[in-house]
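Chemist: what would the 3D arrangement of this be:
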Amino acid sequence: QVKLVESGGGSVQAGGSLRLSCAVSGDTDSTYCMGWFRQAPGKEREGVAAIDSDGSTSYADSVKGRFSISQDNAKNTLYLQMNSLKPEDTAMYYCAADLFCTTVLTGQSDYWGQGTQVTVSS
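Modeler: Predicted coordinates for the structure are as follows:
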């Protein structure tokens, strides 16, 4: 079991930045791919970014070059730095964990948190 608690969401104007954090607890000894997915009202889940146990990262095309995923293993914390935010980035953002990054990037991971809202105004 993995427990994930997100923080750092908020409201920002287009072009602004936010950094999301995810505190990870529970079965932190297992090898998981960690990541983020988002879901806007009336839309399907969209994988945003993932970081594998070897440090390799993957991003959705819609956020490449603007978002950066990282983790601090000593603090058991996952981050998502979001720059050059656009109104279409508005969504609930969820921290996620799964054995496979492909699953994280489809928003179908085994574990996810309660979410943190990101709202970008034009």
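
Chemist: flag the shaky bits of this structure, pLDDT-wise.
Modeler: For the chain, applying pLDDT under 70 flags the ranges 28-30.

Chemist: what segments of it are helices?
Modeler: 101-104 (DSSP state H).

Chemist: now the strands for it?
Modeler: Shown for the chain, the strands assigned by DSSP state E span residues 2-7, 10-13, 18-26, 33-39, 46-51, 57-59, 67-72, 77-82, 91-98, 111-112, 116-121.

Chemist: among the ones you listed, which is nearest Leu105?
Modeler: Nearest to Leu105 among the strands of the chain is strand 46-51 (3.4 Å), distances taken as CB to CB. To be clear about C-beta, it is placed using only N, CA and C from the backbone, and glycine gets the same treatment.

Chemist: and the angle from that closest one to strand 18-26?
Modeler: Note on geometry: by axes from the mean of the first three to the mean of the last three CA atoms, to 10 degrees, strand 46-51 and strand 18-26 are set 70 degrees apart in direction.

Chemist: what's stretch 68-79 in contact with?
Modeler: For stretch 68-79, the surrounding residues in contact (CB atoms under 8 Å, 6 or more residues apart in numbering) are 19-25, 28, 34-36, 49-51, 57, 59, 80-81, 83, 95.

Chemist: same thing but at 6 Å, please
Modeler: Judged by CB atoms under 6 Å, 6 or more residues apart in numbering, the contacts made with stretch 68-79 from elsewhere in the structure are Ser21, Cys22, Ala23, Val24, Thr28, Met34, Ala49, Ile51, Thr57, Leu80, Gln81, Cys95.
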